[in-house]
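Trainee: model the structure of this input:
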Amino acid sequence: MKKVAPIFLAIVMSCFGSLSCTNRFNATSGSLTPPSNSPGNSFFLGSLPNPPTPIIGGGQTYYVSPTGNDANSGTSLSSPFLTLQHAADLTNPGDIVYAMSGTYTTSSTYVLWITRSGTPNAWITYQAYPGQHPVIQVGNNTWSWAGIAVSAPSPNNGVTSTGYIVISGFEVIGNNANVSWAKAQANANNGSDATTNSTGIDIGLEWTAPAPWTATSPANTHHIVVQNNVVHDNPLGGIGVAGSDYTTVQGNTVYGNSLYSPYAGSGISIWDAHNIDTNPGYHVFVVGNISHDNVEYIGNMYYNGGITDGNGIIIDSNRVASFSGRTLVANNLIYNNGGSGIHAFNSQHADFMFNTAYMNNSNIQEGEIFSNTGTDIQIMSNIMYARSGSYVNSNCSNDGTVVSNYNTEFNGTAYGCGSPANPLAQGSHDHFSNPLFVNGAPIGGNFHLQSGSPAIGTGNPALIPSMNLDGTYRSAAPNSGAY
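Mentor: Now for the predicted structure:
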């Protein structure tokens, strides 16, 4: 549902544990690469277009370590900087900032605030050094709003946006461990205390944009890639993107967010997208992520304290600024979230394809994958497994251009607003049947398909990601869902 917040926070998460994804950043060569069994940069999308490929390297390389010193040169492993922020303040197009193992935190607003841009041919990259595990710990104070933030500088000095940035390979841990239930309840109408409103990675801080920043303003951030990160336990949200264009969120694992904020967060949110240009085609990619157990416990203070969010992925309010780019949400595994698995709210030009959504809606009934107040939305080749007594999909205030087809749906019912109720029309290739997961379970589940699953070979053959979430090739008769 719609979120109204002066600071909307964003997080990215890396792949780890039993539900892991392949790290597709080659730190040695400094380039984004597909898995070794792929002939080209086509990990996600075959007949669908690929996310943009950043051009990495060519500039200075900086090294950062929790055992370093900002008085060091920062240009060698033997002389690293202490803080990521010190490195960020020196970057120019083509630079790479390598983070070594250890924990990075701050008593300031952000552990890392990125305001300096790369260029189309020389992106700036922030990433884990090969074999290292850098951890960003969001601060526990009233002004620490995020672990990583990307925005136009403030004051902007004539710079109106920041772009061409890659963020890869971090673990971002939020402040949930320091929030008691009593503290969360006491802050149920307090959006100014960051201890219950912070997030992991925040892309596009609208408050830093030049005033007046309106629905017709250009994007505040653009050409941002957030990939292969693990982001968890943040009171507001996981990966939050606001007022941005050309954003790619891929290969992240996001969980345990949204519990304590009255701003109604979700695991991954793309909110109020703005155009940097009006070129046709896909501008936003949310692909290959795992988002689970993001639950809103404190009600949305803008909706009389009602529970509205805690979604796995939400494409939110891009109609406000008449965003013209398409959004692709594909190859994601979404389970056990408090709100929906995936949905669009007040949005347009979005395609939800080849996702697996399992038993979401733990504390609000909305649907596994659906659109609310949408136009030009395609919901195709997904698996939607609802909780008993809940909704598998829903249809409220959409126009006739929201379509469903090639989906495998099970458990729950199709919901429609209005009187009489008007559920979303089912396509000729939609079917209601048990997808037969190897082990469908909110904890320790295996969402691959058993032999004989009705989802095998029933995806849309005209629109196929070249590979599934495992990184194995899909056939010409693709399975529905992420695998």
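Trainee: now the strands for the stretch 251-400 of the chain?
Mentor: Using DSSP state E, counting those that start in this stretch, the strands of the stretch 251-400 of the chain run over residues 253-255, 268-271, 282-287, 290-292, 313-316, 326-330, 333-335, 342-345, 348-353, 356-358, 369-372, 375-380, 383-385, 391-396.
Trainee: now do Val166 against Asn228, distance only.
Mentor: Separation of Val166 from Asn228 (C-beta to C-beta, to the nearest Å) stands at 10 Å. In short, each C-beta sits where N, CA and C put it, glycine included.
Trainee: now swap in Asn360 and tell me
Mentor: Where Asn228 is concerned, Asn360 sits at a distance of 24 Å (C-beta to C-beta).
Trainee: looking at these two, which one has more neighbours?
Mentor: Asn360 (34 against 26; other C-beta atoms under 10 Å).
Trainee: so the more buried one makes contact with Tyr335?
Mentor: Yes - counting by C-beta atoms under 8 Å, Asn360 touches Tyr335, with 6.7 Å between them.
Trainee: which residues do those two both contact?
Mentor: Counting by C-beta atoms under 8 Å, 6 or more residues apart in numbering, the shared contacts of Asn360 and Tyr335 are Gly312, Gly341.
Trainee: helices along this protein, start to end?
Mentor: 84-88, 181-186 (DSSP state H).
Trainee: where are the low-confidence patches of the stretch 201-350 of the chain?
Mentor: Low-confidence regions of the stretch 201-350 of the chain, defined by pLDDT under 70, span residues 206-216.
Trainee: 90 - rerun?
Mentor: Judged by pLDDT under 90, the stretch 201-350 of the chain has its weakly predicted residues at 205-220, 299-305.
Trainee: burial of the nearest residue to Pro93 once chain neighbours are set aside, as a residue count?
Mentor: In space, and not counting its chain neighbours, Pro93 is closest to Ala122: 3.8 Å by C-beta to C-beta, 6 or more residues apart in numbering. By other C-beta under 10 Å, the residues close to Ala122 number 19.
Trainee: Ala122 and Ile96 touch, don't they?
Mentor: No - here Ala122 lies out of contact with Ile96, judged by C-beta under 8 Å, at a distance of 10.6 Å.
Trainee: what is in contact with these two at once?
Mentor: Gly59.
Trainee: now, of the helices of the chain, which is deepest in the fold?
Mentor: helix 84-88 (a mean of 22; mean count of other C-beta atoms under 10 Å).
Trainee: who are the packing partners of that helix?
Mentor: strand 61-64, strand 96-99, strand 110-114 (3 or more C-beta pairs under 8 Å, 6 or more residues apart in numbering; DSSP states H and E).
Trainee: who does Ile114 bridge with?
Mentor: Val150 (DSSP bridges).
Trainee: ok, it touching Ala146?
Mentor: No - at 11.0 Å, Ile114 does not count as touching Ala146 under the criterion of C-beta under 8 Å.
Trainee: higher neighbour count, the two?
Mentor: Set Ile114 next to Ala146 and count neighbours by other C-beta under 10 Å: Ala146 wins out with 34 against 26.
Trainee: neighbours of Pro423, how many?
Mentor: By other C-beta under 10 Å, the burial measure for Pro423, its neighbour count, is 17.
Trainee: isn't it right up against Cys417?
Mentor: No - using C-beta under 8 Å as the test, Pro423 is too far from Cys417 to be in contact (9.3 Å).
Trainee: what residues do the two have in common as contacts?
Mentor: Ser394, Asn395.
Trainee: excluding its backbone neighbours, what's nearest Ala316?
Mentor: For residue 316 the amino acid is Asp, not Ala. Excluding its sequence neighbours, the residue lying closest to Asp316 (C-beta to C-beta, 6+ apart) is Trp271, at 4.4 Å.
Trainee: can you get me a residue count around the nearest residue to Tyr129 once chain neighbours are set aside?
Mentor: Leaving aside its sequence neighbours, Tyr129 sits nearest to Tyr98 (C-beta to C-beta, 6+ apart; 4.1 Å). The number of residues packed near Tyr98 is 23, by other C-beta under 10 Å.
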